[in-house]
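K.L.:
Return atomic coordinates for the entry below.
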Amino acid sequence: MRWEILLLRIVHIFSGVFWAGAAFLFAGFIEPVVRQSGPEGGRFVQRLSSQTRYPVFMGIAAILATTSGLWMFWIDSGHLNSAWLATGTGLALATGGVCGTIAAVIGFTVQFRSTTRLEVLGKTVQASGAPPTPAQAHEIQILQGRLRAGGRWLALLLAITVLAMASARYLIF
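P.N.:
From the prediction side, this is the model:
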């Protein structure tokens with residue numbers, strides 16, 4: 001059991017640090033600069049998503065952090081023992097787990113889908129050799145707004161998750 005928990009903690013912490021850190025960096029620093037940069041900022045995000053594996057690594061980190069966290073929660077809680085769940089540690093880990101799971105859902109349903117669609121639109125516009133049509137420009141604007149809002153929610157939920165996880169062992173009641 002010790003090796004299982006050790007391995008799960010290592011996977012959970014490293015993937016969680018990567019996922020939350022990247023989300024904080026993007027929402028707090030990269031996205032505002034991208035937004036202020038206009039079309040060049042949009043091209044940067046397109047290159048980031050299409051020429052690197054940023055979206056893939058974010059997805060892998062989210063899956064690893066969420067599944068390892070849920071597995072550890074199952075073990076730590078004594079298979080969801082209600083007495084343990086009512087403790088400070090249980091409540092904090094449950095809160096962090098719920099927020100982290102919601103963040104993963106947002107990452108896959110909003111962020112990944114919007115990024116994928118923007119990538120397809122960007123390639124279509126580039127292939128045409130012309131500026132985006134009004135309909136394409138409108139869709140790009142909507143998708144960028146979704147990414148911005150989703151990124152902020154993701155960062156907020158992951159901040160709550162990190163705070164809950166970091167303090168869980170010290171909440172005695």
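K.L.:
Please count neighbours and contacts with C-alpha atoms only from this point.
P.N.:
Will do.
K.L.:
gap between residue 22 and residue 63?
P.N.:
15 Å (Cα to Cα, to the nearest Å).
K.L.:
er, residue 29 actually
P.N.:
Applying Cα to Cα to residue 29 and residue 63 gives a distance of 24 Å.
K.L.:
Please apply the same query to residue 76.
P.N.:
Using Cα to Cα, residue 76 is found at 20 Å from residue 63.
K.L.:
Of the two, which one has the most company?
P.N.:
Neighbour tally, residue 76 and residue 63, criterion other Cα atoms under 10 Å: the higher count belongs to residue 63, 20 against 17.
K.L.:
wait, the more buried one sits on residue 104?
P.N.:
Yes: here residue 63 reaches residue 104: they are 7.4 Å apart, a contact under Cα atoms under 8 Å.
K.L.:
give me the number of residues near residue 71?
P.N.:
17.
K.L.:
For it, which residues are in contact?
P.N.:
For residue 71, the contacting residues are residue 8, by Cα atoms under 8 Å, 6 or more residues apart in numbering.
K.L.:
And for residue 66?
P.N.:
Listed by Cα under 8 Å, 6+ apart, the contact set of residue 66 reads 12, 97, 100, 101, 104.
K.L.:
Show me the contact partners of stretch 119-136.
P.N.:
46, 49, 50, 140.
K.L.:
quick one: least confident helix or strand in this structure?
P.N.:
When each helix and strand of the chain is scored by mean pLDDT, DSSP states H and E, helix 39-51 comes last, with a mean of 85.
K.L.:
Can you name the next helix or strand after that one?
P.N.:
Sequence-wise, the next helix or strand downstream of helix 39-51 (DSSP states H and E) is helix 54-76.
K.L.:
Just the buried residues of that following helix, please?
P.N.:
Buried residues in helix 54-76, defined by neighbour count with 16 or more other Cα atoms under 10 Å: 55, 58-59, 61-73, 76.
K.L.:
Ok, stretch 10-28 next?
P.N.:
If you call a residue buried by 16+ other Cα under 10 Å, then stretch 10-28 has these buried ones: 11-13, 15-20, 22-24, 26-27.
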